[in-house]
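In: Mind looking at a prediction? Sequence and model below.
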Amino acid sequence: MALVVRQPVAEMERPYGRRWWALLVLCLSLLVIVMANTALTVAAPDMTRDLGLSSADLQWVIDAYTVPYAALMLLFGAVGDKYSRRGAFVLGLVIFGAGSVSGSLVDSSTGVILSRAVMGVGAAMIMPATLSLLAATFPRAERAKAILLWTATAGVAIAAGPLLAGALLEGHGWSSTFLINVPLAVLGVIGAFTLVPPSRAGVHSRIDYAGGTLSVLWIGSLVYAMIQGPHFGWDTKAVAAAVLAAAALAVFVWWELRHPRPVLDVRRFLDRTFAGTNLAVALFFVAVFASFYYLTQHLQFVLGYSPLETGTRMLPLAVAVFAGSALTGFLTPRLGIKVTITAGMAGATVALVLLTQVDASSGYGALAPALAVLGLSVGLALGPCTETIMGAFPESELGVGGAVNDTSLELGGSLGIAVMGSVLARSYADNLADAVRGRAPAAALDAAQDSVGAGYAVARQVGAQAGPQQAKAFSDAVAGAFSDAVAHTSLLTAIVLAVGTLAVGFILPRRTSARPAAPETSVPAARPMEREKA
């Protein structure tokens, strides 16, 4: 057997024999790029201390990865379809690894932000390629099972990031959370050549670069506005980005409707199943990323767990994701995607309602059931959504299909962290002001309102000046203010997701299978120019 796989699956006489090993390579790479974001939530305190990051610096250290990641996926998915999906996958891993090395070596906020942006560019190549290569490698009869394992990996990565980062931070600095990506990226490159067959569209005309550029412009501007506005205020930059996003989206839709071979045929969104599943993915990850954002802070600051202990306590979510994926593999063929998707969204709503009961006296036992229900819901709903979205695209557009799914996921996650993170910060600041007004200097209160971590730092300063009793009183006020903010934000997120569940249930038609009846003709019939080119 040749060391490098050179024959595409489409040219093989039988199903590719090492396809499950190929899936392992794809899932490992998916794990790395998702963990690159979730691990940073645990490493952030050490980075803030060592690099002297302001709250704005820290926010952009996190989000410099998100903007190029979300903005570039659609264009890179189309490029991979035309030239080489495996090539895009490997190049993405190389760029991602280079950004990780750079991030571990720099010693300034600007350097880390730039390195994270480079990693985001690499991730934008990797993410849609994993799904398109999966779909190209597996026969249709096995594709649903492979996608379930892919989605389970994405859910597990959310919990695995803090666990891995916590283990590394026990004996190493925050730079180790960057360096760990490098050997995994190298393994991914080797595995891609030795286990993953090459793939590209059999027939593909010239890429719609104008549409791709417009997609980069409107998605990138939208993500920037969602980050800048809620966190730093709706200043000129945030408003200009929002206006640019709206204008670029309008031009993108106009252009794609008229182009004979659009980078994304926006008519797909007229199909209720396609529109409903994309909406479900986006709304679902509003809830998942928002809850993850404040739960990791609650575990570290209010409950006082170390980074490793925090990661360990996120494991119920990972285990439950696998259980939910197994359950949806059994239920979806029998009940249809409408039932499993809406049931998953309803379950996530229940998890958020459970989090509204959190207060300063709540221990880990109050959080564990919510984590388990949330993980079960992710596993139940995400697989059918992803399979349906991918099934709506012909074999020549698998990269674009993967990019659409992943962009919906990333937009939802960005919105969840930006908007719900802003609600959390404002609620915490207001609660703390009510709790300590008149009992602490104005300067101390202003500093403590910046974040829960800053609140505990101020409490230590109060203790050094006024004694342990005053320090404890201030710490208790910080814990109470943040716990109440978590409950308030969870309630708001639960309301949003509950309304979204009703909307998705209304949009989705009844269907017994996640796989469309005729995926190759799911797009409106080609215009004459298309038929000539085909």
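Out: Yes, it's here.

In: Skipping adjacent residues, who's closest to L131 in space?
Out: Of all residues beyond its chain neighbours, the one nearest L131 is G402 (3.1 Å), with distances taken as Cβ to Cβ, 6 or more residues apart in numbering. Just so you know, the C-beta spots here come from the backbone N, C-alpha and C atoms, and that holds for glycine as well.

In: Also L133?
Out: With Cβ to Cβ, 6+ apart as the measure, R85 is the residue that lies nearest to L133, at 5.2 Å, once sequence neighbours are left out.

In: Please tell me how far the one you found sits from L26.
Out: When distances are taken as Cβ to Cβ, to the nearest Å, R85 and L26 turn out to be 11 Å apart.

In: Out of those two, name the residue with the larger neighbour count.
Out: The neighbour count for R85 versus L26, taken as other Cβ atoms under 10 Å, is higher for R85 (33 against 27).

In: Might you report the residue contacts of that one?
Out: With contact taken as Cβ atoms under 8 Å, 6 or more residues apart in numbering, R85 is in contact with 129, 132-133, 136, 198-200, 398-399.

In: from the residues you listed, which is closest to I62?
Out: A129 (23.9 Å; Cβ to Cβ).

In: Run through the neighbouring helices and strands of the strand or helix carrying the closest one.
Out: When secondary structure is defined using DSSP states H and E, the element that contains A129 is helix 109-137. Taking 3 or more Cβ pairs under 8 Å, 6 or more residues apart in numbering; DSSP states H and E as the contact definition, the neighbouring helices and strands of helix 109-137 are helix 19-38, helix 40-51, helix 55-63, helix 66-82, helix 85-105, helix 140-169, helix 364-391, helix 398-415.

In: tell me the mean pLDDT over it?
Out: Helix 109-137 shows a mean pLDDT of 93 in the predicted model.

In: List the buried residues in that helix.
Out: Neighbour-count burial for helix 109-137, with 16 or more other Cβ atoms under 10 Å as criterion, is recorded at 109, 112-137.

In: I'd like to know which of the helices and strands packed on helix 109-137 lies nearest to A318.
Out: Of all these, it is helix 140-169 that lies closest to A318, at 4.0 Å by Cβ to Cβ.

In: what about that closest one, average pLDDT?
Out: For helix 140-169, the per-residue pLDDT values average out at 85.

In: Check which element follows it along the chain.
Out: Read in the C-terminal direction, the helix or strand following helix 140-169 is helix 176-179, with elements assigned using DSSP H and E.

In: Any chance you could list what contacts that following helix?
Out: Applying Cβ under 8 Å, 6+ apart, the external contacts of helix 176-179 come out as 39-40, 42-43, 100-101, 103-104, 115, 164-165, 168-169.

In: Recalculate using a threshold of 10 Å.
Out: Surrounding helix 176-179, the residues in contact under the criterion Cβ atoms under 10 Å, 6 or more residues apart in numbering are 35-36, 39-40, 42-44, 46-47, 99-106, 112, 115-116, 119, 161, 164-170, 172-173, 307.

In: Mark which of the residues you listed are buried, thanks.
Out: Using 16+ other Cβ under 10 Å, the buried members of the contacts of helix 176-179 are 35-36, 39-40, 42-44, 46-47, 99-104, 106, 112, 115-116, 119, 161, 164-169, 307.

In: residues in contact with Q7?
Out: 16, 197-198 are the contacts of Q7 under Cβ under 10 Å, 6+ apart.

In: Over to it. Which of the three states is it?
Out: Following DSSP: H, G, I helix; E, B strand; the rest coil, the label given to Q7 is coil.

In: For it, give its distance to L134.
Out: The span separating Q7 from L134 equals 18 Å under the rule Cβ to Cβ.

In: Same check on H172?
Out: In this view, H172 and L134 are 33 Å apart by Cβ to Cβ.

In: same check, this time on S221
Out: Shown here: S221 relative to L134, a distance of 30 Å by Cβ to Cβ.

In: picking up where we left off before, which per-residue confidence value corresponds to the residue nearest to L133?
Out: Among the per-residue scores, R85 shows a pLDDT of 92.

In: Ok, A464 next?
Out: For A464, the pLDDT comes out at 69.

In: about what we covered before: now the contacts of Q7: which count as buried?
Out: Applying 16+ other Cβ under 10 Å to the contacts of Q7, the neighbour count classes 16, 197-198 as buried.

In: could you dump these to JSON lines with pLDDT and secondary structure?
Out: Formatted as JSON lines, those follow (pLDDT from 0 to 100; DSSP: H, G, I helix; E, B strand; the rest coil):
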{"residue": "Y16", "pLDDT": "90", "secondary structure": "coil"}
{"residue": "P197", "pLDDT": "94", "secondary structure": "coil"}
{"residue": "P198", "pLDDT": "92", "secondary structure": "coil"}
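
In: so where's the stretch 201-350 of the chain shaky on pLDDT?
Out: For the stretch 201-350 of the chain, the stretches with pLDDT under 70 are 203-204.

In: Likewise for the stretch 401-534 of the chain?
Out: With pLDDT under 70 as the threshold, the stretch 401-534 of the chain has low-confidence stretches at 438-440, 464, 466, 511-534.

In: 90 - rerun?
Out: For the stretch 401-534 of the chain, the stretches with pLDDT under 90 are 409-426, 428-429, 431-479, 510-534.

In: the helices in it, which residues?
Out: According to DSSP state H, counting those that start in this stretch, the stretch 401-534 of the chain carries its helices in the segments 421-436, 442-448, 452-466, 468-507, 528-533.

In: Any buried residues in stretch 16-27, and which?
Out: 16, 18-19, 22-27.

In: hmm, back to that, among the helices and strands packed on helix 109-137, which is nearest V286?
Out: Evaluated with Cβ to Cβ, these place helix 398-415 nearest to V286, the distance being 4.8 Å.

In: ok, the residue most central in space within the chain - contacts?
Out: Nearest residue to the geometric centre of the chain (Cα atoms, centre = their mean): E410, 4.7 Å. Listed by Cβ under 10 Å, 6+ apart, the contact partners of E410 are 37, 66-67, 69-71, 73, 123-124, 127, 219, 223, 281-282, 285, 289.

In: Mind picking the one among the buried residues of stretch 16-27 that's closest to M345?
Out: Looking at these and their distance to M345, the nearest is C27, at 24.2 Å (Cβ to Cβ).

In: nearest residue to that closest one other than its sequence neighbours?
Out: Ranked by Cβ to Cβ, 6+ apart and with sequence neighbours excluded, the top spatial neighbour of C27 is T153, at 4.2 Å.

In: ok, the one you found - contacts?
Out: Going by Cβ under 10 Å, 6+ apart, T153 touches 23-24, 26-31, 34, 130, 160, 318, 321-322, 325.

In: run the last query once more with 6 Å
Out: Contact analysis of T153 by Cβ atoms under 6 Å, 6 or more residues apart in numbering lists 27, 30-31.

In: Output those residues in a markdown table, with pLDDT appended to each entry.
Out: Written out in a markdown table, the entries for these read as follows (pLDDT from 0 to 100):
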| residue | pLDDT |
| --- | --- |
| C27 | 94 |
| L30 | 92 |
| L31 | 90 |
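
In: from those, which is closest to A241?
Out: For the contacts of T153, with A241 as the reference and Cβ to Cβ as the criterion, the closest is L30, at 29.0 Å.

In: Next, count neighbours for G171.
Out: 7.

In: No further queries at this time; thank you.
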